[in-house]
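1. after the sequence you'll find the predicted model.
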Amino acid sequence: MDEDIVVLGIESSCDETAAALVTGDRRILAQRIASQEAAHAPYGGVVPEIAARAHAEKLAPLIEAVLAEAGMTLAECDAVAATAGPGLIGGVMVGLVTAKALAMGSDKPLIAINHLEGHALSPRLADPALEYPYALLLVSGGHCQILRVEGVGRYERLATTIDDALGEAFDKTAKILGLGYPGGPAVEQLALEGDPRAVPLPRPLLGSDDPNFSFAGLKSAVLRAAESAKYRSADVAASFQQAAIDCIQDRLGRALEKMDEVGALVVAGGVAANRQVRKSLEDLGAKRGLRFVAPPLELCTDNAAMIAWAGVERLRQGASDPLDIAARPRWPLDPSAEPVRGAGYKA
Ligand code: KG4
Ligand code: ZN
């Protein structure tokens, strides 16, 4: 019925500038991502001011490029969807203001997307058979949450991290081991050559009744292990990754016990690109009799196709947003979820 709708998606919440065109029948007509890795690498992390400037420089040419690649004009799109938060506010504003200008100029609806919703719905872009409700482990650089995804805009958060996000722990481990930024893929690579049992590391909150996560203690233990100079870097990387996976398995297992019925176990977000993490979740799903779904690697890390797809799902529900909608540094998926001890500013 609405298979031929096309949504332009824009992403600029962290250090990737991206644009994509996605159709109602799940075709990615074109997508471009400009990574800012090189600009932030000397600082060992994302510098918000540098990120915002880079988004402002790169976004317009990327949008032109995806339209050209698809052989389309803006007039032929059905809506403009952009990340409106949560994220680094300067970058989010660049993307959202651009989307507003395009929507106003072409008289198309603007759809303001929660970046976390982009991740949460991305598995449905890749897998037409994935129906609501599903259990979701959302693991990225800024978030580590377990959600029951009940429908577009309907999320029950069962767990979050009380300190660091999992991607953050991967990035810190990489920094400690001198692997540079961004760290996740580098730690995964080095771990292939290491022994996951070589370094004794803690599994924070393992076995606790609530399913929340904690990674700060693990990170400190990695630092102490590295400083002791007793272990090979590859063994530290492998042992860290194993400890993180043990935590995920335990916490997710606990959350599934508390969760109403779901049809599938799903992972999304940057850390979902980690093959060992995917493998361990596949095992957990098999044990629980749940189908396991993970988006292809390129849809796990930040991209605009997931934002365009969330736009498709929202447009189908008749959603559109006013042109004066504000960018939001924080924007929880489940506003009714209790804040947890130590969660700081995170959504
Ligand atoms: O979703 P994402 O691209 O950005 C945020 O919204 O945060 O996630 C980025 C995070 C980074 O912390 C990065 O190190 C991590 O995902 N990551 C990985 C892998 N690829 C990306 N962590 C572990 N293994 C990977 N292969
Ligand atoms: Zn993200």
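-> Perfect, I can see it now. Numbering: from 1, shown residues only. Ligands and ions are numbered 1, 2, ... in the order given.

2. point out where the chain drops to low pLDDT.
-> Per-residue confidence for the chain (pLDDT under 70) gives these ranges: 1, 341-347.

3. show me what from it comes close to ligand 2.
-> 140, 302 (C-beta under 5 Å from the ion). All C-beta spots, glycine's among them, are computed from the backbone N, C-alpha and C.

4. quick one, phi psi at whatever residue of the stretch 201-347 of the chain ends up closest to ligand 2?
-> With C-beta to the ion as the measure, residue 302 is the residue of the stretch 201-347 of the chain nearest to ligand 2, at 4.4 Å. Note on residue 302: its backbone torsions stand at phi -60, psi 130 [degrees, to the nearest 10].

5. for it, give me its contacts.
-> With contacts taken as C-beta atoms under 8 Å, 6 or more residues apart in numbering, residue 302 has the following neighbours: 11, 13, 14, 15, 16, 18, 33, 115, 140, 270.

6. need the residues of the stretch 151-300 of the chain near ligand 1, please.
-> Counting by C-beta under 6 Å from any ligand atom, the residues of the stretch 151-300 of the chain lying close to ligand 1 are 167, 170-171, 182-185, 188, 269-271, 273-274.

7. which ones among those residues map onto helices?
-> Secondary structure assignment (DSSP state H) places 167, 170, 171, 184, 185, 188 from those within helices.

8. now do the helices in the stretch 1-150 of the chain.
-> If you assign secondary structure with DSSP state H, counting those that start in this stretch, the helices in the stretch 1-150 of the chain sit at 37-40, 48-70, 89-106, 115-126.

9. turn those helices into TSV, columns for mean neighbour count and distance to residue 198.
-> Written out in TSV, the entries for the helices of the stretch 1-150 of the chain read as follows (neighbours: other C-beta atoms under 10 Å; distance: least, C-beta to C-beta, whole Å):
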stretch	mean neighbour count	distance to residue 198
helix 37-40	14	30
helix 48-70	18	37
helix 89-106	21	39
helix 115-126	26	33
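
10. so which of the ones you listed is nearest residue 226?
-> Shortest separation from residue 226 across the helices of the stretch 1-150 of the chain is recorded for helix 37-40, at 22.4 Å, computed as C-beta to C-beta.

11. which neighbouring elements make contact with the closest one?
-> helix 48-70 (3 or more C-beta pairs under 8 Å, 6 or more residues apart in numbering; DSSP states H and E).

12. from the centre of this structure, point out the most distant residue.
-> The outermost residue of the chain, judged against the average C-alpha position, is residue 230 (34.5 Å), by C-alpha atoms, centre = their mean.

13. ok, now how distant is it from ligand 1?
-> Computed with C-beta to the nearest ligand atom, to the nearest Å, the distance linking residue 230 and ligand 1 is 25 Å.

14. for residue 296, list the residues it contacts.
-> Contact analysis of residue 296 by C-beta under 8 Å, 6+ apart lists residue 126.

15. let's see that with 10 Å instead.
-> With C-beta atoms under 10 Å, 6 or more residues apart in numbering as the criterion, the residues that contact residue 296 are 122, 123, 125, 126, 127, 273.

16. which non-adjacent residue is nearest the third one?
-> Spatially, and ignoring its direct neighbours in sequence, residue 125 is nearest to residue 309 (4.1 Å; C-beta to C-beta, 6 or more residues apart in numbering).

17. please identify the helix or strand for the one you found.
-> Using DSSP states H and E, residue 309 falls within helix 305-316.

18. now that helix: buried residues?
-> Residues of helix 305-316 classed as buried under the neighbour-count rule (16 or more other C-beta atoms under 10 Å) are 305, 306, 307, 308, 309, 310, 311, 312, 313, 314, 315.

19. the strands in the stretch 101-250 of the chain, which residues?
-> Listed in chain order, the strands of the stretch 101-250 of the chain (DSSP state E, counting those that start in this stretch) span residues 110-114, 134-139, 144-151, 154-159.

20. can I get those strands in JSON lines including distance to residue 84 and mean neighbour count?
-> Compiled in JSON lines, the strands of the stretch 101-250 of the chain are given as follows (distance: least, C-beta to C-beta, whole Å; neighbours: other C-beta atoms under 10 Å):
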{"stretch": "strand 110-114", "distance to residue 84": "4", "mean neighbour count": "26"}
{"stretch": "strand 134-139", "distance to residue 84": "18", "mean neighbour count": "26"}
{"stretch": "strand 144-151", "distance to residue 84": "19", "mean neighbour count": "23"}
{"stretch": "strand 154-159", "distance to residue 84": "16", "mean neighbour count": "20"}
